[in-house]
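*Asks:* Generate a structure from the sequence data that follows.
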Amino acid sequence: NRRILRNRREKLIEAEQLDRTKRILNIINYEQDQYELNAIASMERLLLSLQRAKLDDAILIPLTIQLFQAIIDPWALLETLKIGQEIQATDKTIKEYEELYDLISYEDWDDQVTYLWSKAKKVLDPEFLQQAIKSAEEWYELGDSDNNRLLCLIKLLEDKHSANPNDKFILFAGYPQIASYLFDILSKYFGQQSISRFYSGLHEDLTIERKIKENEVRKFEKQKKIWLLVCDETGGEGRNFQFATEIIHYDIPLHVAKIEQRIGRLDRLGRKSLDVVSNFIVPKGSKEEAWLNCLSQGIGIFDQSISGLEFALRDVELNIVRNFLSDDDQILWNMPLAIKNRVREERSLDESQNQIDEASFERTRAEKFRRVQSLVEKDRDLEKTFKEYFSAVSSKGSIKYHSHDDYLEGIIEFHPEDVRQIHLDLLDKSKSIIGTFRREIAQNIPELKFFSVGNDLFDAICKSLFIESMGRTYAIECIADSVNQCIAI
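*Replies:* Here you go, the predicted model:
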């Protein structure tokens, strides 16, 4: 539970056993040209027409989120609008695209946007769509040399790198294919040898893509000449980038959880620097900047972690999205005070729950610790279970056994490079790892790895259990008019 982990961290900070990380917001404004302003205004008029036509919020909200994030780039906006032009209206309903819209993967993105447009098409006024496409085309025809947001990013990177050549930066661009586009553009400016990449679409085979990503991360961390990592949202999911210096956000997702995930890649235990700087490139006085103001002054995401509160604040997030559809921009700018009060209420509830968590933890932890630590068979049970799971997700021959003069068994060699069925969050999977699960052996042969909490391989395997479907048990509810028996597998 992320709330428990966050509150334990707070306890360590209060006990002065851990230093508090300071989150810092740095806003880089740029002036929009008339073409960009026209394109965004046309897109807003399109969405307002859908709202007035009583398009269901289940469709309007996710479509609004997609289009407002697409305005970071003329190509992204144009391509998203063209899907609406080409698709036909449908009565078909796909609930996951409506209810779980913020959890859709990059592989399913096209299908989701196509579905949203197909539902919107029933009430869509084609004139508003045509005008939005025309304005986006005029903006797109200007080319990269007149893309003010892109030029602002390039200048920011030039200034940052020239001031501190040894610093490393992570650039997030969450909208599909924009990270790839930025990698190509920035490689021309700074040289491909200076940049690593971590985004969806690097290879059609997902297993090969994972290997490419891991290799890119390893180069980013280890090679001094590589100072920039370009990511999409897959770079914000469970990665450890605490060695990086700062984050640069090319876009601002209309999802609080995604922004927290991005910042959380650097705001982690073990970080040497106590500052986590988030640089945001936004048009001055825009609705994007108003949303950033809600994040900063209302939610307080740049003051401290909100991990564990994201779902409780979901209605706040939805109200912000609805206010994006208002003709009056000031409504968004006036929201932070109400949001701040709501966050304060949620934190109070969170603290009350934390006291219950702590009380429960204190009653049981000593007994459990003594029981687990004192039983040799527990080590053997863990060893057996770990080996079975590792074998299930790896190719044949991924585990080897070693003997010692004093120990005929209990020394095991794992080959992470043979893992096939899951993503293993391990920086270097090319080297085999020799160690033991048994405390006695670990104490008497110090050069062996001890496979327990804190060991990289052990932690990576445990982490996979919460991310991958492999190894999980699922419950399925079946509803029928008349059922005499039910068989569940």
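*Asks:* so where do the strands sit in the stretch 1-150 of the chain?
*Replies:* Applying DSSP state E, counting those that start in this stretch to the stretch 1-150 of the chain gives strands spanning 22-30.
*Asks:* Show me which parts of the helix or strand Asn279 falls within are buried, residue by residue.
*Replies:* Using DSSP states H and E, Asn279 maps to strand 275-283. Buried residues in strand 275-283, counted by 16 or more other C-beta atoms under 10 Å: Val276, Val277, Ser278, Asn279, Phe280, Ile281, Val282, Pro283. Every C-beta, even on glycine, is put in place using the N, C-alpha and C of the backbone.
*Asks:* same question, stretch 203-221
*Replies:* For stretch 203-221, a neighbour-count test (16+ other C-beta under 10 Å) marks Glu209, Arg210, Lys213, Glu214, Glu216, Val217, Arg218, Lys219, Phe220, Glu221 as buried.
*Asks:* where's the most centrally placed residue in the chain relative to Lys119, distance?
*Replies:* Geometric centre of the chain, nearest residue: Gly236, 3.2 Å, by C-alpha atoms, centre = their mean. Separation of Gly236 from Lys119 (C-beta to C-beta, to the nearest Å): 29 Å.
*Asks:* Next: Glu288.
*Replies:* In this structure, Glu288 and Lys119 are 26 Å apart, going by C-beta to C-beta.
*Asks:* coming back round to it: which ones among the buried residues of stretch 203-221 are found in helices?
*Replies:* Glu209, Arg210, Lys213, Glu214, Glu216, Val217, Arg218, Lys219, Phe220, Glu221 (DSSP state H).
*Asks:* From Lys219, how far off is the second one?
*Replies:* Separation of Arg210 from Lys219 (C-beta to C-beta) stands at 15 Å.
*Asks:* From Arg438, how far off is Ile445?
*Replies:* Counting by C-beta to C-beta - Ile445 and Arg438 are separated by 10 Å.
*Asks:* between the two, who's got more neighbours?
*Replies:* Taking neighbours as other C-beta atoms under 10 Å, Ile445 and Arg438 compare with Arg438 leading, 22 against 16.
*Asks:* In terms of pLDDT, where does Ser286 sit?
*Replies:* We have a pLDDT of 94 for Ser286.
*Asks:* who are the neighbours in contact with the closest residue to it other than its chain neighbours?
*Replies:* Distances taken as C-beta to C-beta, 6 or more residues apart in numbering place Gln32 nearest to Ser286, at 7.1 Å, with adjacent residues excluded. Counting by C-beta atoms under 8 Å, 6 or more residues apart in numbering, Gln32 makes contact with Ile40, Asn148, Pro283, Lys284, Ser286.
*Asks:* what sits up against the helix or strand containing Tyr189?
*Replies:* Using DSSP H and E, Tyr189 maps to helix 178-190. Contacts with helix 178-190, where a contact means C-beta under 8 Å, 6+ apart, come from 72-73, 75-76, 144, 150, 153-154, 157, 161, 171-173, 195, 197, 199, 201, 228, 230-232, 250-251.
*Asks:* just stretch 59-69 next, same as before
*Replies:* So stretch 59-69 is contacted by 43, 46-47, 50-51, 77, 80-81, 97-98, 101-102, 112-113, 116-117, 119-120, 174-175, 251-255, 287-288, 318, 321-322, 324-325 (C-beta under 8 Å, 6+ apart).
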